[in-house]
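Chemist: got a predicted structure here, sequence first:
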Amino acid sequence: MGYHLLFFGLPAFGIYALASHCLRKKPHLLHKRHRFPVQCRHVSHRGGSGERIENTMEAFRHALNQGTNLLEIDCHMTKDGVVVVSHDNNLERQTGYNIEITLLCHPYLPFPTGCFSHGRDHRIPSLEEVFQEFPGVPINIEIKEDNDELIQKVADLVRYYNRSHISIWASFEGEVLKKCCTAVCIHHLSSPSHALPNTVTYFIAPRAGRLYGLHRSIYNPRHKKQVNTIANKSVHIQEAFSCYLLVGFLTLL
């Protein structure tokens, strides 16, 4: 009995362990690879800062002319509730005015000449303007402040302009991302510290996460179904395979 147990049990367990490891690491061995909604090799940080004034319409146009696949932008909200594209809430670095965006109404946002980057566009655009001019361009939207109204307004704009499949949400704060998840009913992806299957995280993988300084940062509305489908099928196949080995082993005994 003991000899049979070792003779058949150890190989069966080894095959099961090896199959489980392979399916866990490479679920596409069994499942058709889903095309990711956003295929990206060229990302323009802040819309291509350095070549044009960051986060301006001119910068976005220039980046697209250079062949960028994705625009990375930052969002704040003005006193009158307009979502605008700006990296800093305080405008001193960008404009020389020591005042916060949240204290100004949109028409009064200062952006004078004499900035550091090349370019003639000195106006802070609204997020809606960006969506209107670049309807089919994938955009990474970083939420720069923990503001429920800001998050909801961004989510509303994404839905209104039918951009859920080409919009990626980002933030340095995990709590902000949870609110983003609630606002748009999407799945929480954690990269690089909380890895999910490569089928989801390969767009911004750990190396890219370190490059951008992103942690627990990525959301996309189309991921949840893909993650659950692959994970559930892999688990079911592993369970069926293990049952098959167990039945075969008991039959031999």
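Modeler: Thanks, I have the structure now. This structure is a prediction, so every number in the text was calculated from the model and none was measured. Numbers count the residues shown, from 1 in each chain.

Chemist: secondary structure element for Ala183, which one?
Modeler: Here Ala183 sits within helix 174-184, counting by DSSP states H and E.

Chemist: what about Leu70, how many residues nearby?
Modeler: The local packing of Leu70 (other CB atoms under 10 Å) involves 21 other residues. Quick note: C-beta positions are derived from backbone N, CA and C, even for glycine.

Chemist: correction: the previous question concerned Cys181.
Modeler: 18.

Chemist: distance of it from Ile101?
Modeler: Per CB to CB, to the nearest Å, Cys181 is found 25 Å from Ile101.

Chemist: endpoint to endpoint, stretch 60-74 covers what distance?
Modeler: Chord length of stretch 60-74, first to last residue, is 13 Å (CA to CA, to the nearest Å).

Chemist: and it, what's buried?
Modeler: Buried residues in stretch 60-74, counted by 16 or more other CB atoms under 10 Å: Phe60, Arg61, His62, Ala63, Leu64, Thr68, Leu70, Leu71, Glu72, Ile73, Asp74.

Chemist: turn these into CSV, columns for pLDDT and secondary structure.
Modeler: As requested, those are exported to CSV (pLDDT from 0 to 100; DSSP: H, G, I helix; E, B strand; the rest coil):
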residue, pLDDT, secondary structure
Phe60, 92, helix
Arg61, 92, helix
His62, 91, helix
Ala63, 91, helix
Leu64, 91, helix
Thr68, 90, coil
Leu70, 90, strand
Leu71, 92, strand
Glu72, 92, strand
Ile73, 93, strand
Asp74, 93, strand
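
Chemist: and which of the residues you listed is nearest Glu128?
Modeler: Using CB to CB, Ile73 comes nearest to Glu128 of these, at 12.5 Å.

Chemist: ok, and the closest non-adjacent residue to the closest one?
Modeler: Closest residue in space to Ile73, ignoring its immediate chain neighbours: Val85 at 5.0 Å, by CB to CB, 6 or more residues apart in numbering.

Chemist: which residues in the stretch 1-150 of the chain form strands?
Modeler: Assigned by DSSP state E, counting those that start in this stretch, the strands in the stretch 1-150 of the chain fall at 43-45, 70-77, 83-85, 139-143.

Chemist: which strands and helices sit next to the longest one?
Modeler: The helices and strands touching strand 70-77, judged by 3 or more CB pairs under 8 Å, 6 or more residues apart in numbering; DSSP states H and E, are strand 43-45, helix 57-65, strand 83-85, helix 127-133, strand 139-143, helix 148-160.

Chemist: 6 Å instead?
Modeler: If you count contacts as 3 or more CB pairs under 6 Å, 6 or more residues apart in numbering; DSSP states H and E, strand 70-77 packs onto strand 43-45, strand 83-85, strand 139-143.

Chemist: measure how it sits relative to strand 139-143, angle-wise.
Modeler: Strand 70-77 and strand 139-143 are oriented at 30 degrees to each other (axes from the mean of the first three to the mean of the last three CA atoms, to 10 degrees).

Chemist: hmm, back to that, can the helices and strands packed on strand 70-77 go into JSON lines with extra columns for mean neighbour count, mean pLDDT and distance to Phe13?
Modeler: Formatted as JSON lines, the helices and strands packed on strand 70-77 follow (neighbours: other CB atoms under 10 Å; pLDDT from 0 to 100; distance: least, CB to CB, whole Å):
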{"stretch": "strand 43-45", "mean neighbour count": "21", "mean pLDDT": "86", "distance to Phe13": "45"}
{"stretch": "strand 83-85", "mean neighbour count": "23", "mean pLDDT": "95", "distance to Phe13": "56"}
{"stretch": "strand 139-143", "mean neighbour count": "23", "mean pLDDT": "91", "distance to Phe13": "45"}
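
Chemist: I'd like those as JSON lines, with distance to Ile151 appended.
Modeler: Shown next, in JSON lines, are the helices and strands packed on strand 70-77 (distance: least, CB to CB, whole Å):
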{"stretch": "strand 43-45", "distance to Ile151": "22"}
{"stretch": "strand 83-85", "distance to Ile151": "10"}
{"stretch": "strand 139-143", "distance to Ile151": "6"}
